[in-house]
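K.L.:
take this sequence and fold it.
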Amino acid sequence: MHCFIINPKEIAEHLAGVYIECCRLVFRTIRGVVASIPLLALPAIHHERDEQGDQRERTRTA
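P.N.:
Prediction:
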């Protein structure tokens with residue numbers, strides 16, 4: 001029978017590699033979400049400014 005020897009160092013390196021890949025994936029996801037927040041917020045900010053501008057115009061004409 002062939003005895004399969006488990007090398008703790010190899011297992012540790014494999015787990016470290018998996019852990020690093022997971023961290024990279026999570027970091028990329030978070031970075032992508034953070035990068036998309038300003039893009040989602042900008043239209044709302046412009047919309048609010050437009051409404052305030054319209055109200056100012058109305059108060060001037062009235």
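K.L.:
tell me the confidence at residue 51?
P.N.:
On the pLDDT scale, residue 51 is placed at 62.
K.L.:
I misspoke; the intended subject was residue 54.
P.N.:
62.
K.L.:
now residue 35
P.N.:
Note on residue 35: pLDDT of 86.
K.L.:
cool, and the one 5 residues further on?
P.N.:
At residue 40, the pLDDT value in this model is 75.
K.L.:
and what of residue 17?
P.N.:
pLDDT for residue 17: 94.
K.L.:
how about the helices of this protein, start to end?
P.N.:
With helices called from DSSP state H, the chain shows them at 8-61.
K.L.:
residue 41: what's it in contact with?
P.N.:
By C-beta atoms under 8 Å, 6 or more residues apart in numbering, the contact set of residue 41 is empty. Where you see a C-beta, it was placed from the backbone N, CA and C, and this is true even at glycine.
K.L.:
burial measure for residue 7, as a count.
P.N.:
Residue 7: 9 surrounding residues under other C-beta atoms under 10 Å.
K.L.:
one more: the one 4 residues further on?
P.N.:
Using other C-beta under 10 Å as the criterion, residue 11 is surrounded by 10 other residues.
K.L.:
I'd like the distance between it and residue 31.
P.N.:
Distance check for residue 11 against residue 31: by C-beta to C-beta, to the nearest Å, it reads 30 Å.
K.L.:
got it, and residue 22?
P.N.:
Distance check for residue 22 against residue 31: by C-beta to C-beta, it reads 15 Å.
K.L.:
so how many other residues sit close to residue 20?
P.N.:
Around residue 20 there are 10 residues (other C-beta under 10 Å).
K.L.:
thanks again, I'm all set now.
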